[in-house]
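K.L.:
3D model of this:
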Amino acid sequence: MPQLDPAVWSTQLFWLAITFGVLYLIIWRVALPRIADVLEARQRKLDDDLKKATALKEEAETILAEYERMRANAQASAHAALQKAQNEMKAEAERQSHALAARLGKQTDEAEARIAAAKSAAIAGLESTVSEVVAAATEKLIGVKAGEQEVARAVGSVMGGKR
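P.N.:
Numbers count the residues shown, from 1 in each chain. Below you'll find the predicted structure:
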């Protein structure tokens with residue numbers, strides 16, 4: 001094999017050095033700058049993504065704080081509205097209770113007045129009936145016919161204490 005012949009090694013080493021040098025120059029001038037550009041672009045992309053993530057995190061924290069504030073305001077507003085409605089219902093119930101008590105008191109007074117009137121009417125009617133019974137009994141028992149005025153006066157004096 002001619003590659004292993006020591007007489008041609010010098011030319012092979014010469015061409016090896018030239019090929020290595022050309023390959024080194026191509027890599028140094030073409031491939032390395034492209035690799036460096038790719039690495040720089042990658043690093044810029046990572047830095048931009050980190051900046052965006054930080055900005056989004058701050059925005060999310062701001063939105064969360066705003067949400068918490070709005071939720072607390074809504075809760076306080078709902079609590080106040082509930083308290084107001086409860087107070088209004090309590091006042092309305094108290095007003096209706098007072099109105100009912102007044103109406104029942106008035107009805108009780110009216111009923112007592114009707115009872116008193118009915119009692120007076122019953123007693124007045126009873127006096128005339130008792131007067132008639134007493135007059136009839138006196139005539140039948142004693143045989144004396146008593147005058148209506150005398151009987152009414154006697155019954156009135158007896159019934160006057162029972163009213």
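K.L.:
what stretches of the chain score poorly on pLDDT?
P.N.:
1, 161-163 (pLDDT under 70).
K.L.:
all helices of it, in order?
P.N.:
Secondary structure of the chain (DSSP state H): helices located at 9-26, 32-141, 148-160.
K.L.:
Mean neighbour count, those helices: which tops it?
P.N.:
Looking across the helices of the chain with neighbours counted as mean count of other C-beta atoms under 10 Å, the highest average goes to helix 148-160: a mean of 14. No exception for glycine: its C-beta is placed from N, CA and C like everyone else's.
K.L.:
How about residues contacting it?
P.N.:
Taking C-beta atoms under 8 Å, 6 or more residues apart in numbering as the criterion, the residues outside helix 148-160 that touch it are Ile123, Leu126, Glu127, Val130, Ser131, Val134, Ala135, Thr138.
K.L.:
Backbone dihedrals for Asp5, both of them.
P.N.:
Summarising the backbone geometry of Asp5 under the convention degrees, to the nearest 10, its torsions are phi -80, psi 120.
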